[in-house]
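Asker: attaching a predicted model along with its sequence, questions to come.
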Amino acid sequence: MFKLSKYILYDIIRNKVILAYTGFLLLVSLLLFNLEENSSKAILSLLNIQLITIPLISMIFSTIHYYNSYEFIEMLLAQPISRTKVLFCEYLSTGISLVLALLIGMGIPVLLYSSGETGFTLILTGIGLTLACTSLAYWAAVKSRDKARGIGIVLLLWFYFALIYDGIVMMLLFTFSDYPLEKFTLVLTAFNPIDLARVSIMLKMDVSALMGYTGALYKDFFGSSTGIFFTGGIMLLWILLPLYLAMRSFGKKDL
């Protein structure tokens, strides 16, 4: 399995998309840190870029890579190798390549200009988002045989998590504003990995006041050890559950 993952990873990291993604993150990160006098403002700007760019690139690249590697996967399955092992190697190599791009493109500037707890949390949540979105992409790709349909599904997922979800939450809070919904909003946060990352970073930056009337509750819960385990556990679930479903579907799929 190690040799197979190593071969796939070596092939992926030479991909022009990965190189361009790394260069984009590196250029934007360096520009923001050099243009902003306060590193906290640069971190906040990087957060906005991270919440949009990382899920989008991770989902689209992972989906396209899966479909482009379909013939190679079929060739591997002709050998005495289990289906789950092949798909896991593909996922692992894709996830590692995207994480390496993040660590080089954003991690190095953050280490140089803002190596504190906030910068570490930014990179850690970025890694979690990358792996979670890669898992979602593989699940969608395995479930759909058609390439165009698979890409369409991951774009809809990204659109939902990045844009539509916030609108639904705001509508619910506005509609039921007469009721105590603070704990309910904590539950809603778990259903969106992007929102989970956003809350974690904003609380580390001590700007919970910008999050409305639930800001104090978020700070009390997510700032505690229980909140840290909650966010970490939910993000891990977003990584493992779609991957498990993808491997399960791939094992039963008629190739």
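Answerer: Good, I have the coordinates.

Asker: average pLDDT across stretch 54-61?
Answerer: The average pLDDT within stretch 54-61 is 94.

Asker: break down this protein into its helices, ranges please.
Answerer: In the chain, the segments counted as helices under DSSP state H are 2-13, 16-35, 39-68, 70-77, 83-102, 108-113, 117-143, 147-159, 165-175, 182-189, 193-204, 215-222, 225-252.

Asker: what about the stretch 101-250 of the chain, any weak spots by pLDDT?
Answerer: Low-confidence segments of the stretch 101-250 of the chain, defined by pLDDT under 70: 180-183, 206-225.

Asker: what do you get if the cut-off is 80, keeping everything else the same?
Answerer: Across the stretch 101-250 of the chain, the ranges flagged by pLDDT under 80 are 115, 166, 169-170, 172-174, 176-189, 199-229.

Asker: would you format the helices of the chain as CSV with mean neighbour count included?
Answerer: Quick note: C-beta positions are derived from backbone N, CA and C, even for glycine. As requested, the helices of the chain are exported to CSV (neighbours: other CB atoms under 10 Å):
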stretch, mean neighbour count
helix 2-13, 15
helix 16-35, 16
helix 39-68, 20
helix 70-77, 14
helix 83-102, 22
helix 108-113, 17
helix 117-143, 23
helix 147-159, 16
helix 165-175, 13
helix 182-189, 15
helix 193-204, 22
helix 215-222, 17
helix 225-252, 16
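
Asker: I'd like the distance between Gly119 and Leu77.
Answerer: For Gly119, the distance to Leu77 equals 43 Å [CB to CB, to the nearest Å].

Asker: now Gly150
Answerer: Gly150 sits 19 Å away from Leu77, taking CB to CB as the criterion.

Asker: what of Ile168?
Answerer: Shown here: Ile168 relative to Leu77, a distance of 40 Å by CB to CB.

Asker: then Cys133?
Answerer: Cys133 is 26 Å from Leu77, by CB to CB.

Asker: repeat for Arg14
Answerer: Distance of Arg14 to Leu77, given as CB to CB: 24 Å.

Asker: CA atoms only for stretch 125-142, dumped as CSV, please.
Answerer: These are the backbone C-alpha positions of stretch 125-142, laid out as CSV (Å, rounded to 0.1, in the frame of the first residue of the first chain):
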residue,chain,number,x,y,z
THR,A,125,-8.5,24.0,10.4
GLY,A,126,-7.2,24.3,6.8
ILE,A,127,-5.9,20.8,6.9
GLY,A,128,-9.1,19.5,8.4
LEU,A,129,-11.1,21.3,5.6
THR,A,130,-8.9,19.9,2.9
LEU,A,131,-9.3,16.3,4.1
ALA,A,132,-13.0,16.6,4.7
CYS,A,133,-13.7,18.1,1.3
THR,A,134,-11.5,15.5,-0.3
SER,A,135,-13.6,12.8,1.4
LEU,A,136,-16.8,14.4,0.2
ALA,A,137,-15.5,14.6,-3.3
TYR,A,138,-14.5,11.0,-3.4
TRP,A,139,-17.9,10.0,-2.1
ALA,A,140,-19.7,12.0,-4.8
ALA,A,141,-17.4,10.7,-7.5
VAL,A,142,-17.8,7.1,-6.5
